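**Q** Give the three-dimensional model of this entry:
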Amino acid sequence: MKILWNGIKSEGRLVKAHYSGGQLLNHSAGTVSVYFGTFNLTPEIVQELRPSDDSDAMTDYYELPVARVEPSHPLYAEVSAALAAQTAHRARVDATARERMAARMVAAHTLDYPAPTARRTAR
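**A** Now for the predicted structure:
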């Protein structure tokens, strides 16, 4: 099992996951939450991380599995490194998006094309 920034690779396939490091009321400080993107978890992930699934099929309430990794867990260092890598990846993506938006805004305000009033007076 390998813990990556975008999920957990186990038994030859990537199980998409999202990491969150916010403070939880009923867990120790520093706990990292792993939110899985699917119900199809490998037995290795279930055994190592013990995700909870609060779904109720009788009422058609389905909730994707969530694992809480506390600092005392043996995989905590890997999970917290994945959280840091995910945060860095999102910062890079956001910075790129901001740069593109700024470039579009600058291009929209340049006078490389005639202004609407200039076209009307030229007729």
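**Q** correct me, but Met40 touches Glu11?
**A** I think there's a mix-up here, since residue 40 is Asn and not Met. No. Using CB atoms under 8 Å, Asn40 is not in contact with Glu11; the gap is 11.0 Å. The way it works is simple: take the backbone N, C-alpha and C, and place the C-beta from them, glycine included.
**Q** tell me, what residue is most central in this structure?
**A** With distances taken as CA atoms, centre = their mean, the residue of the chain nearest its centroid is His18 (4.4 Å).
**Q** got the phi/psi numbers for His89?
**A** Taking degrees, to the nearest 10, you get phi -60, psi -50 for the backbone angles of His89.
**Q** Please report how far it lies from Tyr19.
**A** 11 Å (CB to CB, to the nearest Å).
**Q** State the pLDDT value of Arg119.
**A** On pLDDT, Arg119 comes in at 53.
**Q** follow-up on the earlier one: if I've got this straight, the residue nearest to the centre of the chain is in a helix?
**A** No. Applying DSSP: H, G, I helix; E, B strand; the rest coil, one finds His18 to be strand, outside a helix.
**Q** re the thing from before, mind listing the shared neighbours of Asn40 and Glu11?
**A** By CB atoms under 8 Å, 6 or more residues apart in numbering, Asn40 and Glu11 have no common neighbours.
**Q** related to what we said a few turns ago, for His89 and Tyr19, indicate the residue with more neighbours.
**A** Neighbour count, other CB atoms under 10 Å: between His89 and Tyr19, Tyr19 has more, with 22 against 12.
**Q** Spatially nearest residue to that one, not counting backbone neighbours?
**A** Leaving aside its sequence neighbours, Tyr19 sits nearest to Leu83 (CB to CB, 6 or more residues apart in numbering; 4.1 Å).
**Q** what helix or strand does the one you found sit in?
**A** Assessed by DSSP states H and E, Leu83 sits inside helix 76-108.
**Q** before we move on, what about Asn40?
**A** Taking DSSP H and E as the definition, Asn40 sits outside all helices and strands.
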